[in-house]
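Undergrad: return atomic coordinates for the entry below.
(2 chains)
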2 protein chains.
Amino acid sequence: MAQAAGKRPHVVILGGGFGGLAAAQTLKNADVDVTVVDKTNYHLFQPLLYQVAMAGLSAGDIAHPIRSILRQQKNTEVILAEVTKVDLKANLIHTSVGEINYDYLILAAGAQTNYFGHNDWPDFAVGLKDIDDALEIRRRVLVAFEDAESEKDTVKQKQMLTFVVIGGGPTGVELAGSLAELARHSLVRDFRHINPSSAQIILLEGLPRVLPPFVEELSAKAAEQLKRIGVEVRTGVKVTNINECGVHVEGGEIIPSSTVMWCAGVAAVPLTKTMDVNLDRGGRVIVEPDLSIPNFKNAFAIGDVSNFAHQGEKPLPGLAPVAMQQGEAAARSILDDLSGRTRRKFHYTDKGTMATIGRSAAVADLGKLKLSGLPAWLAWLLIHILMLIGFRNRAVVFLNWLWSFFTYDRGSRLITGHRMEAGCPIDLRQKVKTETK
Amino acid sequence: MAQAAGKRPHVVILGGGFGGLAAAQTLKNADVDVTVVDKTNYHLFQPLLYQVAMAGLSAGDIAHPIRSILRQQKNTEVILAEVTKVDLKANLIHTSVGEINYDYLILAAGAQTNYFGHNDWPDFAVGLKDIDDALEIRRRVLVAFEDAESEKDTVKQKQMLTFVVIGGGPTGVELAGSLAELARHSLVRDFRHINPSSAQIILLEGLPRVLPPFVEELSAKAAEQLKRIGVEVRTGVKVTNINECGVHVEGGEIIPSSTVMWCAGVAAVPLTKTMDVNLDRGGRVIVEPDLSIPNFKNAFAIGDVSNFAHQGEKPLPGLAPVAMQQGEAAARSILDDLSGRTRRKFHYTDKGTMATIGRSAAVADLGKLKLSGLPAWLAWLLIHILMLIGFRNRAVVFLNWLWSFFTYDRGSRLITGHRMEAGCPIDLRQKVKTETK
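TA: Sure, this is the predicted structure:
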């Protein structure tokens, strides 16, 4: 795949998430060859991943093949491969299907769950970063209710019906809220021996309030709405251990729980460590004002893999709009180079942030306008449906939502297993979870 | 869970498929306690499983929680458990969550893929009996196209683009036809280096014609329609081996293929072997005219687990309508017993059989009326949509189909992996494929 001299510039984009896709689409009509490399064949609408985990949506509703999205873009090809190393000096990518040369690189490989070095925690506390995570959480939650239904020992049964979500950021809040609705509404009529609505759902946050990135007023509103739908919110709580008994917190208390979910940390993918550049504590590449990697004007880092600290007090947060605006900006800088213009500095336009808590409950910070409750939820619903890529998905998701809203039924309540196989050559592609190390 | 004397009769139904559900629903208003035991938490609409395998539908579209289906039925409870042994003499079931006594038993545990003792074939040729099978086939098929896209060696590339379906019964025909459409229509615009429509799809059948249970005229029509959409149909071919090179057939020929699907045999679940009763070669229980198990008037075997040879020349086939009618009949016999009536003999009413081949292509044998092509396909579509359980599924499936029909787009084209984990207590529930042994 080495590039011959004289050809038009080759732009390689690592990652088909929000940032990578925005970059590719910005280069649609450019006189370049674009290659998008991703380890999955789909673009994932990550803001709705918790809905898959809580059986409200099917995996197919929030994921769309990258090939289909970029089908019409003639200057672009898509490669399904795992990237193992980026050699910035040699302008070379090492992947599971061979080496790829580039003239420009846009690193948009995203983040993964960070357990901060606790290598045994992932077994007991599933993260929520990809489809496999979401299906695993779904399986564990549904199996916990099933196990409790046939359990005679009341202590064990209580443990099975206690669910702990660690991390009170938007993902944790959405997961806990959605789990409360699953238990109190969707499952409540299905069992004979247990009462699913008696399930205890505990949200733990280390800082003094949930939704720390939001203003205090909205944090308080979110906590209030969570309590109203039956989530026990505990802030200022430090987790010291997680094992088969449950969650151990500072002070010695153990919360007995069979199902623990981890939404307390993300870090950039470990790929950044192969690049020999300055990283922050979360493994993110510290970038220049034009998003380029220091000393490598032809390489950019965007989205969750990037630390952009040139605007405001803190680096920009890991949100889809940040990634999308950065993807567009990095691609524009390439276009500027090619036509001899000066690159512009990146500037993020914050259109607001929101988090949903449950049916008709959400908070939204739209600059001067702070919404909560039903208005915030309607705003959230509208924006998320509009943002979903692909008409089909939009229609199906909307139909599913309407159905769930009026009936509290969740159509995707399937417990699917994972088969273990040996000796099949295609198993190479199977994802074995590699934690940050 | 032992039953106390004096209580009303306890009917245990093993399996929540078409037969088991029909039996449970027939007992809806009866003065009995019903327990449905299944190893999955969902009822599966198996006739559409090939659509999940070929990315046309999501798993959630064709599966519905058994608990939800039976939610309103107050005399019925559902247990998620693996049944390990049936003790007919003691009226006792051994399960992964304990023992269950019964007064009446309806064995409706279904069938699984049968490799006829070739224990190494399942690694190379996936069957199609459950959701996990379907997702595994989907993954292998989509990965084969991805691998071919980045493969430089043309011999290997050809092997990756050769798909072999073994078994020309309805499942094999549906799978091969649907795969041809996936390759020739849905994927054709997505790749840059390969032409998916050049993929070779080979359907192998040991007997002299495809769809052996159908009349010859319809077998010929089906073969013709398959050829028209690009499936190479080879009949009278015996498979001697399957390995990483491909499929070895009698006479020494090897068909190089990376993706082989096995639709050539099913057998009753191995549970029947724990019962110490007469079984046929496929492990099915040979039943009395009233569907009871010989010498055990209070135990019935229905559906794919049953060999009913009292009507026609051959035992009844393993079809959903057979299972449903038998489930109803077994439940009626229990009601007859309880009200002192004489049991009736079971009689199957054949309303016809159909198989779909692809977009607008199918065959249908409705007694005197033999249909093929578009009329057969429309009849098939209508009947299958009407049969789908649950409104939500029906609407979503219909919408998905309409969308696919007009656009050739397949929304569920996700390659999802299977994570391997160790040490998690809930892994007990994970399905490890046990072949007939």
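
Undergrad: name whatever forms a beta bridge with residue A:363.
TA: Going by DSSP bridges, residue A:363 is paired in beta bridges with residue A:355, residue A:372.

Undergrad: could you pull out the strands for the stretch 301-437 of chain A?
TA: Taking DSSP state E, counting those that start in this stretch to define them, one finds strands in the stretch 301-437 of chain A at A:306-307, A:353-358, A:361-366, A:369-372.

Undergrad: ugh, wrong one, the stretch 51-200 of chain A
TA: Going by DSSP E, counting those that start in this stretch, the stretch 51-200 of chain A shows strands at A:63-65, A:76-80, A:83-87, A:92-95, A:98-101, A:104-107, A:111-113, A:125-126, A:162-166, A:200-205.

Undergrad: that older thread, residue A:61: which of the strands of the stretch 301-437 of chain A is closest?
TA: Evaluated with CB to CB, the strands of the stretch 301-437 of chain A place strand A:353-358 nearest to residue A:61, the distance being 16.1 Å. For every residue, glycine as well, the C-beta is placed using N, CA and C.

Undergrad: show me what the closest one is packed against.
TA: helix A:170-181, helix A:216-228, strand A:361-366, helix A:374-387 (3 or more CB pairs under 8 Å, 6 or more residues apart in numbering or on different chains; DSSP states H and E).

Undergrad: contacts for stretch A:144-154, please.
TA: A:157, A:160-161, A:163, A:183, A:187, A:191-194, A:196, A:199, A:258-259, A:415, B:41, B:79-81, B:97-98, B:426 (CB atoms under 8 Å, 6 or more residues apart in numbering or on different chains).

Undergrad: in ChimeraX, select just the buried ones from the residues you listed.
TA: Filtering the contacts of stretch A:144-154 down to the buried ones (16 or more other CB atoms under 10 Å in any protein chain shown) takes a single ChimeraX command:
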select /A:157,160,161,163,183,187,191,194,196,199,258,259,415 /B:41,79,80,81,97
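
Undergrad: so what's the residue count around whichever residue of the stretch 151-300 of chain A sits closest to chain B?
TA: Proximity of the stretch 151-300 of chain A to chain B (CB to the nearest CB) peaks at residue A:190, 3.9 Å away. Residues near residue A:190, counting by other CB atoms under 10 Å in any protein chain shown, number 20.

Undergrad: ok, it - contacts?
TA: A:196, B:65, B:67-68, B:71, B:78.

Undergrad: on that earlier part again, can you put the strands of the stretch 301-437 of chain A in JSON lines and add mean neighbour count and mean pLDDT?
TA: Formatted as JSON lines, those follow (neighbours: other CB atoms under 10 Å in any protein chain shown; pLDDT from 0 to 100):
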{"stretch": "strand A:306-307", "mean neighbour count": "24", "mean pLDDT": "98"}
{"stretch": "strand A:353-358", "mean neighbour count": "24", "mean pLDDT": "89"}
{"stretch": "strand A:361-366", "mean neighbour count": "23", "mean pLDDT": "91"}
{"stretch": "strand A:369-372", "mean neighbour count": "17", "mean pLDDT": "92"}
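
Undergrad: relative to chain B, how far out is the closest residue to residue A:265 other than its chain neighbours?
TA: Using CB to CB, 6 or more residues apart in numbering or on different chains and skipping the chain neighbours, the partner closest in space to residue A:265 is residue A:114 (3.9 Å). Residue A:114 sits 18 Å away from chain B, going by CB to the nearest CB, to the nearest Å.

Undergrad: OK, contacts around residue A:114?
TA: Residue A:114 neighbours (CB under 8 Å, 6+ apart): A:265-267, A:282, A:436.

Undergrad: same question for residue A:226.
TA: Applying CB under 8 Å, 6+ apart, the residues contacting residue A:226 are A:173, A:176-177, A:180, A:203, A:210, A:233, A:357.

Undergrad: quick one, grab the pLDDT at it.
TA: For residue A:226, the model assigns a pLDDT of 96.

Undergrad: that older thread, nearest to residue A:274, of the contacts of residue A:190?
TA: residue B:65 (44.7 Å).

Undergrad: quick one: the closest one from chain A, how far?
TA: 5 Å.

Undergrad: wait, residue A:342 sits on residue A:336?
TA: Yes. If you go by CB atoms under 8 Å, residue A:342 and residue A:336 touch, sitting 6.7 Å apart.

Undergrad: what about residue A:103, how many residues nearby?
TA: 18.

Undergrad: so what's it closest to, chain neighbours aside?
TA: That would be residue A:9: by CB to CB, 6+ apart, it lies 4.2 Å from residue A:103.

Undergrad: next one: phi and psi at the one you found?
TA: phi -60, psi 140 (degrees, to the nearest 10).

Undergrad: if we can go back for a sec, ranking the helices and strands packed on strand A:353-358 by burial, who's on top?
TA: helix A:170-181 (a mean of 26; mean count of other CB atoms under 10 Å in any protein chain shown).

Undergrad: separation between the residue nearest to residue A:103 and residue A:104?
TA: According to CB to CB, to the nearest Å, residue A:9 stands 6 Å off from residue A:104.

Undergrad: who's more crowded, these two?
TA: residue A:104 (25 against 17).

Undergrad: isn't that one up against residue A:336?
TA: No. Contact criterion CB under 8 Å: residue A:104 and residue A:336 do not qualify, at 11.6 Å.
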